[in-house]
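Visitor: With the input below, show me the fold.
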Amino acid sequence: MNNINWTVSDPYVFQTLQAVVGKPVVVQTERGSVRGTLKQVVPDHIVVESGGNSFYIRTQQIIWVVPNPQLVPE
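Guide: As a prediction, the model looks like this:
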């Protein structure tokens with residue numbers, strides 16, 4: 001069986017994102033923002049579900065994340 005060794009580029013962001021899995025988030029990337037539910041966090045990407053679609057966002061492309069965006073005015 002193959003062993004995969006992951007390197008987390010920003011362990012603090014990774015750990016923080018793991019704490020909000022299943023909750024609503026807004027994720028700002030270099031290409032724009034995605035608002036939805038954080039479904040999965042792995043070392044190299046996250047999955048945000050929005051409007052019935054899954055968005056796979058590379059961790060290195062994330063500029064900022066706002067957990068619980070309903071608390072933030074649009």
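
Visitor: Which parts of the protein are strands?
Guide: According to DSSP state E, the chain carries its strands in the segments 24-29, 32-42, 45-50, 53-58, 62-67.

Visitor: Of these, which is nearest residue 18?
Guide: strand 32-42 (5.0 Å; CB to CB). All C-beta spots, glycine's among them, are computed from the backbone N, C-alpha and C.

Visitor: Only the buried residues of stretch 23-35, if you could.
Guide: Neighbour counts using 16 or more other CB atoms under 10 Å place 24, 25, 26, 27, 34, 35 of stretch 23-35 among the buried residues.

Visitor: neighbouring contacts of it?
Guide: Residues outside stretch 23-35 that contact it (CB atoms under 8 Å, 6 or more residues apart in numbering) are 36-38, 46, 48, 50, 55, 57, 61-70, 72.

Visitor: how does it look with 10 Å?
Guide: Outside of stretch 23-35, the residues within contact range by CB atoms under 10 Å, 6 or more residues apart in numbering are 17, 36-38, 46, 48-51, 53, 55, 57-58, 60-72, 74.
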